[in-house]
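In: build the 3D model from these lines:
(one chain, ligands or ions: 1)
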Amino acid sequence: MYIIMLGAQGTGKGTVAGLISKETGFPQISTGDIFRQNIKDKTELGVEADKYISQGNLVPDEITVPMVKNRLSEDDAIGGAILDGFPRTIEQAQKLDEILAKEGKKVDLVINLTTPKDEIIDRMLTRRVCPNCKATFNTKLHPPKVEGICDECGESLVQRADDSNPEAIRRRLEIYEEKTSPLVDYYKKQGVLKTEEISISINRMGTEVAKDMVEFIKSR
Ligand code: AMP
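Out: Numbering: from 1, shown residues only. The predicted structure follows:
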């Protein structure tokens with residue numbers, strides 16, 4: 001089963017994808033994590049991608065699409081995967097449809113997460129990530145058991161460079177509205193969209209949404 005996590009930055013895509021991955025066994029493929037690992041390792045791809053990421057802009061498709069295609073061809077993704085951060089534009093969605101169709105596969109489910117904008121910005125500022133296992137925490141909503149330390153692997157948590165730059169945050173939200181939000185209609189038309197709100201105002205957090213989604217996935 002191929003699942004896409006859709007939603008603006010800070011809605012909880014990574015957290016929900018991680019929980020669904022644990023329960024279903026489908027690998028979580030986060031394009032942002034792959035880029036950040038390459039930046040850390042100073043690979044050619046990382047150096048190029050960082051020019052865009054540090055400004056909050058999208059990395060060009062010539063780099064992103066082949067990277068996703070390669071990752072989807074790895075053994076653990078043959079039976080399904082959870083894509084977190086891809087596609088981000090209609091063009092990427094069309095390319096993904098082509099990549100999957102060549103293998104007789106398709107996008108089976110798109111989980112569209114929504115959160116009020118003021119909560120989103122606060123969540124991006126309070127997000128902390130594990131540079132080793134990529135687990136995501138939040139100093140207010142989902143703090144680690146020991147402050148600053150990853151629950152999963154014990155590594156020190158860090159703040160993403162683009163989460164501490166207000167200009168990059170603004171740019172990323174702008175790009176979401178302009179380029180990514182049209183995907184809601186794209187997938188609605190395909191009949192695969194499921195929208196879920198995550199917000200403290202309705203007391204519904206990512207863990208509950210993930211639980212409901214796992215039940216839904218297992219019932220299919
Ligand atoms: P994320 O961790 O999903 O918030 O991604 C961090 C950054 O990586 C984004 O702000 C983009 O600069 C870049 N990025 C991630 N996924 C994509 C994608 N599908 N297309 C282009 N750029 C991407």
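In: got the contact list for stretch 17-24?
Out: Residues lying outside stretch 17-24 but in contact with it, judged by C-beta atoms under 8 Å, 6 or more residues apart in numbering, are 1, 3, 5, 26-28, 30, 80, 82, 84, 134-136, 206-207, 210-211, 213-214, 217-218. To be clear about C-beta, it is placed using only N, CA and C from the backbone, and glycine gets the same treatment.
In: tell me who's in contact with the residue most central in space within the chain.
Out: The chain has D84 as the residue nearest its centroid, 3.0 Å off, counting by C-alpha atoms, centre = their mean. When the contact criterion is C-beta under 8 Å, 6+ apart, the partners of D84 are 5, 13-14, 17, 28-33.
In: got it, and R204?
Out: With contacts defined as C-beta under 8 Å, 6+ apart, R204 is in contact with 196-198.
In: can you give me the pLDDT of T139?
Out: Among the per-residue scores, T139 holds a pLDDT of 95.
In: just the pLDDT at P144, thanks.
Out: With respect to pLDDT, P144 has a value of 97.
In: can you check N165 too?
Out: Taken from the predicted model, the pLDDT recorded for N165 is 89.
In: stretch 155-170: which residues count as buried?
Out: Within stretch 155-170, the residues that qualify as buried are 157, 160, 162-163, 168-169, counting by 16 or more other C-beta atoms under 10 Å.
In: err, stretch 61-74, not the other one
Out: For stretch 61-74, burial by neighbour count (16+ other C-beta under 10 Å) applies to 64-65, 67-68, 71-72.
In: what are the ranges of the strands in this structure?
Out: 2-7, 28-30, 81-84, 109-114, 127-129, 136-138, 193-197 (DSSP state E).
In: just put the contacts of R204 in TSV and tack on pLDDT and neighbour count.
Out: Compiled in TSV, the contacts of R204 are given as follows (pLDDT from 0 to 100; neighbours: other C-beta atoms under 10 Å):
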residue	pLDDT	neighbour count
E196	97	20
E197	96	15
I198	95	27
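In: could I get those as a markdown table with distance to I99?
Out: Converted to a markdown table, the contacts of R204 look like this (distance: C-beta to C-beta, whole Å):
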| residue | distance to I99 |
| --- | --- |
| E196 | 26 |
| E197 | 30 |
| I198 | 29 |
